[in-house]
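[1] below are the sequence and a predicted model for it; my questions follow.
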Amino acid sequence: MDWKPHQKAVELPYDSFKNMETFPLGLSQFSSSVLLFKPKIMEIEASVSSANGSNKATNLPQKKFFRQRAHANPRSDHFIDYPRTPDDMNWEQYFGPSVAGKQIEFLDVGCGYGGLLVKLSTLYPEILMCGLELRVKQKIKALRDQHPGQYDNVCCLRSNAMKYLPNYFRKHQLSKMFFLYPDPHFKTVKHKWRIINTNLLSEYAYFLRPGGIIYTMTDVEDLHNWMVQAFEKHPLYKRLTDEELATDPIVPLLGDTTEEGQKVNRNKGSMFPAVFMRLEKPRT
Ligand SMILES: C[S@@+](CC[C@H](N)C(=O)[O-])C[C@H]1O[C@@H](n2cnc3c(N)ncnc32)[C@H](O)[C@@H]1O
């Protein structure tokens, strides 16, 4: 059965999921009947070697071998497999046996090549972290192959974060989420594809533990304003002030640890960071 893009986004009340221990499959914003029809465990790491025609898995992926559109279409993901539920996910294949009893805590949504995670990996060696990326662009596997024993707490999955988070993660599992330089989808008709919106913020609040943090960064002022407005409208988030962020070692990394950030930096583009805390109880 084909997934019919795209039911009109329905505004769900922010607390739709609050008393649910298991995320209701099919309620994701891109409400996906497909969730129920493709229960295969994902083959995750994209094969860098087959994409660049080399047999060496240790080669870092090179941009010239990946012809890609400027912005990803999050509906075009029929090639992606995913676990039916978080219980069906075998994380050992990405982290090794040491993952037993541990959970992923940091999630980089639309991680690109994974530059932020590479940095965070050494800063927080005890924490498991994961990047989700719609397109084939990952260098973490290659880095791990090149540096055995390093970057073992990081993995990148090819997946659609707008649809499949409930298939991977449990309620209140995450302590930090990152949305760095998300696709701006400039045209009004495409705003529904923006990865920060009211419905998805409710979903992210389900996966974030109270006190958990969402970091955003963009070079597009209009998108920044859109994201800030969505968070400020949502009763389960509070924007953190510069003073509150002054001692957070992650904030200085938001600008240019990712490939997109480095590009913005080279072009002397603007940077608009904004950081939000997931509240325990809704603001009144
Ligand atoms: C402009 S790039 C930024 C990448 C990275 N965060 C950086 O700063 O270099 C946005 C990325 O988000 C990915 N993306 C867009 N929608 C996505 C989705 N629904 N799930 C996973 N990744 C997505 C795109 O494929 C693209 O690589």
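    Structure received. Just so it is clear, the structure is predicted and the values come from calculations on it, not from any experiment.

[2] which residues does the strand ranked longest in the chain contact?
    Using DSSP state E, we find that the single longest strand of the chain is strand 208-218. Contact with strand 208-218 is made by 172-182, 184, 196, 204, 224, 227, 231, 237, 240, 250-251, 254-255, 261, 271-280, as judged by C-beta atoms under 8 Å, 6 or more residues apart in numbering. In this view, the C-beta of every residue, glycine as well, is placed from N, C-alpha and C.

[3] narrow the residues you listed to those in helices?
    For the contacts of strand 208-218, membership in helices holds for Tyr204, His224, Met227, Phe231, Gly261, with DSSP state H as the criterion.

[4] could you give the number of residues near the residue nearest to Gly115 when sequence neighbours are not counted?
    Spatially, and ignoring its direct neighbours in sequence, Gly115 is nearest to Thr258 (4.2 Å; C-beta to C-beta, 6 or more residues apart in numbering). Thr258 has 26 neighbours, counted by other C-beta atoms under 10 Å.

[5] next one: Gly211
    11.

[6] do the one 4 residues further on as well
    By other C-beta under 10 Å, 23 other residues sit near Tyr215.

[7] please report the distance of it from the ligand.
    11 Å (C-beta to the nearest ligand atom, to the nearest Å).

[8] now swap in Leu123 and tell me
    Taken as C-beta to the nearest ligand atom, the span from Leu123 to the ligand is 17 Å.

[9] which residues touch that residue?
    Applying C-beta under 8 Å, 6+ apart, we find Leu123 in contact with Pro249, Ile250.

[10] and the pLDDT for it?
    We have a pLDDT of 96 for Leu123.

[11] and what of Asp88?
    The score at Asp88 is 96. That number is its pLDDT.

[12] that one: neighbour count?
    So Asp88, with other C-beta under 10 Å, has 14 neighbours.

[13] next, Leu143: phi, psi?
    Main-chain dihedrals, Leu143, degrees, to the nearest 10: phi -60, psi -40.

[14] skipping its backbone neighbours, what lies nearest it in space?
    Tyr151 (5.2 Å).
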